[in-house]
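*Asks:* need a 3D model of the following:
(chains A and B)
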Amino acid sequence: MQKNEIRDPIHGLIERSELSVKLMNTYPLQRLRGIKQLAMANLVYPGALHTRFDHSIGVMHIANQLANHFNLNDDDKLLVGIAALLHDVGHGPFSHVSESILERYIDPNVLSNNITEKIHEEITCRIILHNNEIDRYLSKDYRENIVNLLLGNTTNFLLKGIVSGPLDADKQDYLLRDSYFCGVKYGVYDIERLINSLTIIKNQFNQIIGVKEEGVYNLEQFVIAKYHMSAQVYRHKVRLLTDAMITRAIILGIEVDKINWLAKLYKFEDNEEYIKNYLDWDDTRLTNNIIYGENKDGYAKKIFLKIKNRVLFKRIFYQDLVSFKAIPRLKLSKLSENINLQERIEETVCQFLTEKGFDYLSKYEVIIKVYSIKSVRASARDNESSILVLTEDSKNSTFEEMSTLFKSINENESKEFVEIYAPIFFGEKKKELLSTWRSQLTILIEETIESFEKR
Amino acid sequence: MYTDLILLTLLDELKEIKGKTIIQKLIYFINQYYDYKINYNPYFYGPYSIDVENSISSLKGLGYITEQVEPLGISQRGFEIKKYSYSLTNDGKEVLNYFKKIEKSEYEKTLEFTKKIKTNIDITSVNRLSVAAKTLLILQNRKDENLSNEEIKHKALSLGWQLEDNDVDDSRKFINNVCFN
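*Replies:* Numbering: from 1, shown residues only, chains lettered A, B, ... in the order given. Sure thing, here's the model as predicted:
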């Protein structure tokens, strides 16, 4: 039988089943061509234009590789491949930026009745279960199996590990893909050796994905790749800044400019009409509608134009959280849960900047963000530390126990930082100003928090 | 979620906790008793919560708790064995005092339960706490059934855990006195 293959810059020739070809040609998958994997990271790395579509195909390919490696039967192999292909159909414009905005406006009662905790996963499940094009090719039972697999609601830990686990196909693809298209080497690891070093670890009742003892080094390479991509690419200061600008623009578009279609997109509703509308939006349509649409000139358009022309906000403040007093430090670490405090601080900082002569600013254009940076060990602990290792004497241990790298790095550090962005135009005295402002703004933020607490 | 508050309260009451496993298990008992919805999963060494792990890491990064490292020799595999112990810093005490005002009820509940645990089990024994936590997980998942020791041991095996009869007996005593009371 003639193979159906497609070319991919990361994996070379990717074999496609007849079913996956049909699904790839459905609207929910084709829509992903319009959603960039890394939002506006191309403003930092011009090549970062890859999309959720090519990533989804890559994940399908790796899922198939893993299925072959573990000698899964044809049915299970097809299931993991299709689940992998569909895993991102619920992503919104600008990928994870949309996620944070959806969470801001979600009615807690709506989500608590539903099957997932994250909104884009909820939307993914609904699309898989109810979209009439996908419906044409997959039975109801099959679609439910896919959703259960993606959510981890299965006792088949082997299949679950391929699709959603510390070494899943998703992570294995995006590290290589993001690295390639950003033009960096940080995320490069030997995927063939990693897959070959995986094994099935069985107990009386179940089987899960583990690593052979000689594969611990491959896993270490993977852990390091993930850490470096996180530190150098995903947390690149300009990337964080552009994500913050897009988020702020959309929020202002909804709350200040009162753009109805934007509010409709980001206020999740538990019905078919919402999902249908959601599927109509991608990066380009959203950007163009904000910039060229019929809504009045407002903050959303102003900020999107700045992004389009790469006239970006500046980072005017950067401080380690431990530099703050104990209680303000605590409040800042939970700032994302306290919108009122966040707005209060931004307003105060805007007043400060106005007094310094930057009187063209609006409080809406000052953005405060708190980020955490985890060490290799801390970020690995979230995922890889619990991966079982089959030792040479056929006993089980864990990656945490077996890895020299893991043990040689000092205990995990997690550091948090505050950053503030604003559309400031500096002259020659930028460094001097920022240095002076650092201590002044630290005190100002502490005082703002303390007075906010007292009200 | 009260993970930070519980951890700070534990450290204030116990002054020092040696090892993260003990922290994980103590918070597990508190969580199960008060149903705080901290997410725990059965893991190689017993019930484990990534949220608790993150809380330890976060509070350490924020300077509210310290971690002291004590070398204990070299393992058979050639790795240095280290013991970690945790305690509150002055900033941590200040934050706990703040929590005592704004989350008074949760603080008092945590404190009361911690004292109850202290009087019913050796809280410095990783092994005893781990076994008790494993047993509690199994018993709570099938709360309405009167499970025999054999059934508990059988279920434990399915989760990759090996329990002995006297482990289960001891744990049941602790659980009945503290967690189901």
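
*Asks:* residues of chain B that sit close to chain A?
*Replies:* Within chain B, the positions adjacent to chain A are B:43-44, B:48, B:50, B:53-54, B:57-58, B:60-64, B:67, B:69, B:77, B:79-80, B:84, B:91-92, B:94-95, B:98, B:157-158, B:160 by Cβ under 8 Å from any Cβ of the partner chain. No exception for glycine: its C-beta is placed from N, CA and C like everyone else's.

*Asks:* now those residues: which count as buried?
*Replies:* B:43-44, B:48, B:50, B:53-54, B:57-58, B:60-64, B:67, B:84, B:91-92, B:94-95, B:98, B:160 (16 or more other Cβ atoms under 10 Å in any protein chain shown).

*Asks:* would you mind measuring from A:Asp23 to chain B?
*Replies:* Residue A:23: Leu, not Asp. As for A:Leu23, its distance to chain B is 32 Å (criterion: Cβ to the nearest Cβ, to the nearest Å).

*Asks:* actually, A:Met229.
*Replies:* Counting by Cβ to the nearest Cβ - A:Met229 and chain B are separated by 20 Å.

*Asks:* quick one: which of the buried ones among the residues of chain B next to chain A sit in strands?
*Replies:* B:Tyr43, B:Tyr48, B:Glu67, B:Tyr84 (DSSP state E).

*Asks:* any weak-confidence spans in chain A?
*Replies:* Counting by pLDDT under 70, chain A shows low-confidence ranges at A:1-2, A:111-117, A:203-205, A:296, A:375-386, A:407-413.

*Asks:* what about the strands in it?
*Replies:* A:4-8, A:12-16, A:198-202, A:207-212, A:314-320, A:367-374, A:388-390, A:396-398, A:414-422.

*Asks:* now tabulate these in CSV and tack on mean neighbour count.
*Replies:* Listed next are the strands of chain A as CSV, based on neighbours: other Cβ atoms under 10 Å in any protein chain shown:
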stretch, mean neighbour count
strand A:4-8, 12
strand A:12-16, 14
strand A:198-202, 18
strand A:207-212, 20
strand A:314-320, 18
strand A:367-374, 18
strand A:388-390, 21
strand A:396-398, 17
strand A:414-422, 20
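
*Asks:* can you check which helix is longest in chain A?
*Replies:* helix A:430-454 (DSSP state H).

*Asks:* can you tell me if that helix touches chain B.
*Replies:* No: under the criterion of Cβ under 8 Å from any Cβ, chain B is not reached by helix A:430-454; the shortest gap measures 9.1 Å.

*Asks:* returning to that earlier point: select, out of the strands of chain A, the one closest to A:Leu265.
*Replies:* strand A:367-374 (21.2 Å; Cβ to Cβ).

*Asks:* what strands flank the closest one, and is each parallel or antiparallel?
*Replies:* strand A:414-422 (antiparallel) (DSSP bridges).

*Asks:* how far does the strand it pairs with sit from the chain's center?
*Replies:* 18 Å (Cα atoms, centre = their mean, to the nearest Å).

*Asks:* check stretch A:244-260 too.
*Replies:* 20 Å.

*Asks:* tell me which residues are up against it.
*Replies:* Residues outside stretch A:244-260 that contact it (Cβ atoms under 8 Å, 6 or more residues apart in numbering or on different chains) are A:39-40, A:94, A:97, A:100-101, A:104-105, A:262-263, A:266, A:290, A:293, A:295-296, A:298-304, A:306-307, A:312-313, A:364-365, A:367, A:369, A:421.

*Asks:* just those residues: which are in helices?
*Replies:* Those of the contacts of stretch A:244-260 lying in helices (DSSP H): A:97, A:100-101, A:104-105, A:262-263, A:266, A:290, A:299-304, A:306-307.

*Asks:* list the contacts for A:Leu353?
*Replies:* A:Leu353 neighbours (Cβ under 8 Å, 6+ apart): A:Ile316, A:Leu361, A:Val366, A:Ala422, A:Ile424.

*Asks:* what strand or helix carries the nearest residue to B:Val126 once chain neighbours are set aside?
*Replies:* Nearest non-adjacent residue to B:Val126, counting by Cβ to Cβ, 6 or more residues apart in numbering or on different chains: B:Thr21, 5.1 Å away. Per DSSP states H and E, B:Thr21 falls inside helix B:20-34.

*Asks:* helices or strands next to that helix in the packing?
*Replies:* Helices and strands touching helix B:20-34, by 3 or more Cβ pairs under 8 Å, 6 or more residues apart in numbering or on different chains; DSSP states H and E, are helix B:3-14, strand B:46-48, helix B:50-61, strand B:80-88, helix B:104-120, helix B:126-141.

*Asks:* can you list the buried residues in it?
*Replies:* B:20-33.

*Asks:* mind putting those residues in JSON lines, pLDDT included?
*Replies:* Rendered in JSON lines, the data for those read as follows (pLDDT from 0 to 100):
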{"residue": "B:Lys20", "pLDDT": "89"}
{"residue": "B:Thr21", "pLDDT": "90"}
{"residue": "B:Ile22", "pLDDT": "94"}
{"residue": "B:Ile23", "pLDDT": "95"}
{"residue": "B:Gln24", "pLDDT": "94"}
{"residue": "B:Lys25", "pLDDT": "94"}
{"residue": "B:Leu26", "pLDDT": "95"}
{"residue": "B:Ile27", "pLDDT": "96"}
{"residue": "B:Tyr28", "pLDDT": "95"}
{"residue": "B:Phe29", "pLDDT": "94"}
{"residue": "B:Ile30", "pLDDT": "94"}
{"residue": "B:Asn31", "pLDDT": "94"}
{"residue": "B:Gln32", "pLDDT": "92"}
{"residue": "B:Tyr33", "pLDDT": "92"}
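
*Asks:* pick out whichever of these sits closest to chain A.
*Replies:* B:Lys20 (9.7 Å; Cβ to the nearest Cβ).

*Asks:* residues contacting the closest one?
*Replies:* Contacts of B:Lys20 (Cβ under 8 Å, 6+ apart): B:Glu53, B:Ile56, B:Tyr84, B:Tyr86.

*Asks:* pull the number of nearby residues for the residue nearest to A:Gly58 when sequence neighbours are not counted.
*Replies:* Spatial nearest neighbour of A:Gly58, chain neighbours left out: A:Asp173 (3.9 Å); criterion: Cβ to Cβ, 6+ apart. Around A:Asp173 there are 26 other residues, counting by other Cβ atoms under 10 Å in any protein chain shown.

*Asks:* so who does B:Thr66 touch?
*Replies:* Contacts of B:Thr66 (Cβ under 8 Å, 6+ apart): B:Lys60, B:Tyr86, B:Ser87, B:Leu88, B:Thr89.

*Asks:* quick one on the thing from earlier: which positions in the longest helix of chain A come out as buried?
*Replies:* For helix A:430-454, by 16+ other Cβ under 10 Å, it's A:Leu434, A:Trp437, A:Leu441, A:Thr442, A:Leu444, A:Ile445, A:Glu446, A:Thr448, A:Ile449, A:Phe452.

*Asks:* next: stretch B:151-170.
*Replies:* Buried residues in stretch B:151-170 (16+ other Cβ under 10 Å): B:Ile152, B:Lys153, B:Lys155, B:Ala156, B:Leu159, B:Gly160, B:Trp161, B:Leu163, B:Asp167, B:Val168, B:Asp170.

*Asks:* and the pLDDT at the second one?
*Replies:* When you say that, I think you mean B:Lys153. Listed pLDDT for B:Lys153 reads 88.

*Asks:* thinking again about what came up before, redo the contacts of B:Lys20 as TSV? Include distance to A:Thr124 and pLDDT.
*Replies:* Output for the contacts of B:Lys20, formatted as TSV (distance: Cβ to Cβ, whole Å; pLDDT from 0 to 100):
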residue	distance to A:Thr124	pLDDT
B:Glu53	27	87
B:Ile56	32	91
B:Tyr84	39	84
B:Tyr86	39	95
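
*Asks:* which residues sit in contact with residue 118?
*Replies:* Picking chain A for this. A:Glu99.

*Asks:* my question was about chain B, not that one.
*Replies:* B:Lys118 neighbours (Cβ under 8 Å, 6+ apart): B:Glu13, B:Leu14.

*Asks:* please apply the same query to B:Glu94.
*Replies:* Counting by Cβ under 8 Å, 6+ apart, B:Glu94 has contacts A:Ala326, A:Ile327.
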